[in-house]
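Undergrad: Could you look at this predicted model? Sequence included:
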Amino acid sequence: MRRNGVASAARVIALLAVLGVAVFPVYWMLVTSLTSDADLFGSGLTLLPDLGAFHTYADAFAQGRIQTWLLNSAIIAGGTAFLSISLAIPLGYALSRFSFRGKALVAGLLLLTQMLPEALLVIPLFGIFRDLGLLNSLTGLVFVNASFVLPVVALLVKNAIDGIPRELEEAARVDGCTPISVLTRINVPLIAPTLAAAGVIAFFHGWNEYVFAVTFLFDESKRPASVGLASFIGEQATSIQSVMAVGLVYTLPAVLFYLFAQKYVVSGMTAGGVKG
Amino acid sequence: MTTLSKTTLRRAGPGDSVGRTARGDKGRRRRSPSGSGWTPYLFLAPGLALFAVVQALPLLQEARLSLTRTALTSPNDNAWVGLDNFVEIFASADFKRTLVTTGIYLAVCVLGAVGVGLVVALLLNGNYRGRGVARAVVTVPWAAPGVAVALVMTWMLNAQYGIVNRALGAVGLAPPGGAILESPKFALPAILVITVWQLFPFNAVVLLSALQSVPKEVTEAAMMDGASTRWIFRVATWPVIAPTVSLLTVLNAVWAIRRFDLIWVTTKGGPVGATETLVIDLYSNAFELGNLGKAAAMGVVGVVISLVLVGASMLLSRRSDQGDAR
């Protein structure tokens, strides 16, 4: 048993080390945001945050542009969630409940779009969006983000509808429901938890997205937080404390969501592969 | 891809109706509740319309652009040049280096992320208090937005004030000149470490669910009989998790190919091209140098690589589907 004791102690230490490495950078954002210049740039190393220094956050937000960034991110993310869910419900329903010619093709298409790197399509999309007048517009970003997250959302919806007994639908049809009202009155309420989870996955896809936002938006006032934060790099005017404070405010919602909704996200991702 | 969910995520809880249904469909003949005719296509139409505009059309446009000489500044003036762009990129030493860098990046990311993920999954596996918390905490790197990670890593790797250099300096290992991300020698290894850090949690969580379908009776009995841990892993554990490992390999490869934000925000592919992967090379050719035709040719190469990966993943999932049926 002694050998076992040593082994399990080693295992606990290894596990704690892994957890430490996993959270350290996020912790370091917090520490940096709450450390004075003297400590940050002095010779010593400060590993604990100064909990009296929360004014950094007020300072960072006092400029006003941070709120604009976060608001733009929220608009893009909310639009992405709304559009992808709206399209995924009928798409997932058709894939779950109907047999039709070309079904394998549609399924293959979903897989393919999950696998295509966004950045490869940024050049032709730039031209297409220019012709459609969707450059420099948050709406354009909603369209492109929704399309890239749609496969995962649609597969989650399909899997959830697969789990609903067909008898329910048949009963409703006997009562004279049309296919659309079967979908909206029977299926949608029953898969509400999945829809919520899928919607949040889509939300954070839009929240995190960078390559299209940095390419398609030109006005400073339309920048989302991903683009705004990246613009801090190489810039001298903003203090590192403010930069890290904004970074943390941008990071925490995503991290908290993944902590709580992990199982939904994992099953969505393995059905697809949208985030990396 | 459903296979992975079927075999490994059975415990995933209420969100996961995958396992049940795939089985439920099998026995009974698919009936369509509404007759059929045009109805399914009407349901599909809105989603497919979005795909057509945002995915299919761009793919065709990319192929067309790759055969032209087109500048970002005059996008409608595209002279047909046939395969010249492809000849040019494959003749250039820069693009060869890009392909090599992409290959290294892909290989190290896949091996690192799946390998570290497996080790962490084995560490997490077992019955102990706080297991749920540990599993949640380990996913933080995967959940953090890419740009935020790029930002904090740039700060942590700052030449003078970054904690990494301070720690390395304290033990006398600080790199000469200091700035790791500006060093042609250390930038790519640093990017690789950061990427593996971002990717391993997903692998760990998925492999952890796979590990839970390893029969406990077998491993415990083998332990009683004094079998070595390694032998138990090879004989009892590996066969169960092998299909999951191969699918994770494909997913990680796809994620490595598409990774843009981390590299672009931290190094823009520099210094002197040391961290230039395919998507970075493409982006800087298109939007910094304004050479859309050449960049589109790189895009076509990238699409071909992605298609090969998709094909591989389809083969893998079909093979493990058959394995399931047995």
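TA: Thanks, I have it.
Undergrad: Does residue 252 lie in a helix or a strand, and which?
TA: Picking chain A for this. Using DSSP states H and E, residue A:252 sits within helix A:240-260.
Undergrad: not quite, I wanted chain B
TA: Here residue B:252 sits within helix B:238-258, counting by DSSP H and E.
Undergrad: wait, does that helix make contact with chain A?
TA: Yes. If you take Cβ under 8 Å from any Cβ of the partner chain as the test, helix B:238-258 does meet chain A, through B:247, B:251, B:252, B:254, B:255, B:256, B:257, B:258. Where you see a C-beta, it was placed from the backbone N, CA and C, and this is true even at glycine.
Undergrad: now the residues you listed in TSV, with pLDDT and neighbour count?
TA: Listed next are those as TSV, based on pLDDT from 0 to 100; neighbours: other Cβ atoms under 10 Å in any protein chain shown:
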residue	pLDDT	neighbour count
B:247	81	24
B:251	83	27
B:252	89	26
B:254	84	26
B:255	85	24
B:256	88	25
B:257	87	25
B:258	87	24
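Undergrad: For the nearest residue to residue A:149 once chain neighbours are set aside, give its distance to residue A:198.
TA: Using Cβ to Cβ, 6 or more residues apart in numbering or on different chains and skipping the chain neighbours, the partner closest in space to residue A:149 is residue A:205 (4.2 Å). Going from residue A:205 to residue A:198 by Cβ to Cβ, to the nearest Å gives 11 Å.
Undergrad: Which residue of those two possesses the greater neighbour count?
TA: residue A:198 (29 against 23; other Cβ atoms under 10 Å in any protein chain shown).
Undergrad: which residues sit in contact with the more buried one?
TA: Going by Cβ atoms under 8 Å, 6 or more residues apart in numbering or on different chains, residue A:198 touches A:84, A:85, A:88, A:152, A:153, A:156, A:157, A:264, A:268.
Undergrad: Tell me where the stretch 51-200 of chain B has helices.
TA: B:57-65, B:84-91, B:93-124, B:131-138, B:140-143, B:146-156, B:163-170, B:187-211 (DSSP state H, counting those that start in this stretch).
Undergrad: and what of the stretch 101-250 of chain A?
TA: A:103-115, A:118-132, A:138-162, A:166-174, A:179-182, A:188-190, A:192-208, A:211-216, A:225-230, A:240-260.
Undergrad: now those in CSV, with distance to residue B:54?
TA: Shown next, in CSV, are the helices of the stretch 101-250 of chain A (distance: least, Cβ to Cβ, whole Å):
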stretch, distance to residue B:54
helix A:103-115, 9
helix A:118-132, 7
helix A:138-162, 4
helix A:166-174, 31
helix A:179-182, 25
helix A:188-190, 25
helix A:192-208, 14
helix A:211-216, 10
helix A:225-230, 19
helix A:240-260, 24
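Undergrad: looking at these, which is closest to residue B:304?
TA: helix A:118-132 (10.3 Å; Cβ to Cβ).
Undergrad: Residue B:273 - that's part of a strand, no?
TA: No. Assignment of residue B:273 by DSSP: H, G, I helix; E, B strand; the rest coil gives coil, placing it outside any strand.
Undergrad: my guess is residue B:259 meets residue B:194, correct?
TA: No. Counting by Cβ atoms under 8 Å, residue B:259 does not reach residue B:194; the two are 10.1 Å apart.
Undergrad: what about these two, which has more around it?
TA: Neighbour count, other Cβ under 10 Å: between residue B:259 and residue B:194, residue B:259 has more, with 24 against 21.
Undergrad: Please report phi then psi for that one.
TA: Torsion angles at residue B:259 (phi, psi; degrees, to the nearest 10) stand at phi -60, psi 120.
Undergrad: go on, residue A:237?
TA: The phi and psi torsions at residue A:237 (degrees, to the nearest 10) take the values phi -70, psi -30.
Undergrad: Show the model's pLDDT score for residue B:261.
TA: Looking at residue B:261, its pLDDT stands at 92.
Undergrad: Relative to chain A, how far out is it?
TA: From residue B:261 across to chain A, the span is 4 Å (Cβ to the nearest Cβ, to the nearest Å).
Undergrad: same thing with residue B:302?
TA: Taking Cβ to the nearest Cβ, one finds residue B:302 at 5 Å from chain A.
Undergrad: Does that residue touch residue B:281 like I think?
TA: No. Using Cβ under 8 Å, residue B:302 makes no contact with residue B:281, being 9.6 Å away.
Undergrad: And the residue nearest the centre of chain A?
TA: Residue closest to the mean C-alpha point of chain A, counted by Cα atoms, centre = their mean, is residue A:204 at 1.9 Å.
Undergrad: who's in contact with that residue?
TA: Residue A:204 neighbours (Cβ under 8 Å, 6+ apart): A:77, A:253, A:254, A:257, A:258.
Undergrad: again, only this time at 7 Å
TA: Counting by Cβ atoms under 7 Å, 6 or more residues apart in numbering or on different chains, residue A:204 makes contact with A:77, A:254, A:257.
Undergrad: Make TSV from the residues you listed and add neighbour count, distance to residue B:148 and pLDDT to it.
TA: Below are these laid out as TSV (neighbours: other Cβ atoms under 10 Å in any protein chain shown; distance: Cβ to Cβ, whole Å; pLDDT from 0 to 100):
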residue	neighbour count	distance to residue B:148	pLDDT
A:77	26	15	96
A:254	19	8	90
A:257	19	14	84
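Undergrad: Turn those residues into a markdown table, columns for distance to chain B.
TA: Shown next, in a markdown table, are these (distance: Cβ to the nearest Cβ, whole Å):
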| residue | distance to chain B |
| --- | --- |
| A:77 | 11 |
| A:254 | 5 |
| A:257 | 7 |
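Undergrad: re the thing from before, would CSV of the contacts of residue A:198 with distance to residue B:265 be doable?
TA: Formatted as CSV, those follow (distance: Cβ to Cβ, whole Å):
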residue, distance to residue B:265
A:84, 25
A:85, 30
A:88, 30
A:152, 24
A:153, 27
A:156, 30
A:157, 33
A:264, 28
A:268, 26
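Undergrad: among the residues you listed, who's most crowded?
TA: When neighbours are counted by other Cβ under 10 Å, residue A:153 leads those with 34 neighbours.
Undergrad: if we can go back for a sec, want to throw the helices of the stretch 51-200 of chain B into JSON lines with distance to chain A and mean pLDDT?
TA: Listed next are those as JSON lines, based on distance: least, Cβ to the nearest Cβ, whole Å; pLDDT from 0 to 100:
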{"stretch": "helix B:57-65", "distance to chain A": "4", "mean pLDDT": "91"}
{"stretch": "helix B:84-91", "distance to chain A": "12", "mean pLDDT": "89"}
{"stretch": "helix B:93-124", "distance to chain A": "5", "mean pLDDT": "94"}
{"stretch": "helix B:131-138", "distance to chain A": "5", "mean pLDDT": "86"}
{"stretch": "helix B:140-143", "distance to chain A": "3", "mean pLDDT": "91"}
{"stretch": "helix B:146-156", "distance to chain A": "4", "mean pLDDT": "94"}
{"stretch": "helix B:163-170", "distance to chain A": "6", "mean pLDDT": "84"}
{"stretch": "helix B:187-211", "distance to chain A": "6", "mean pLDDT": "92"}
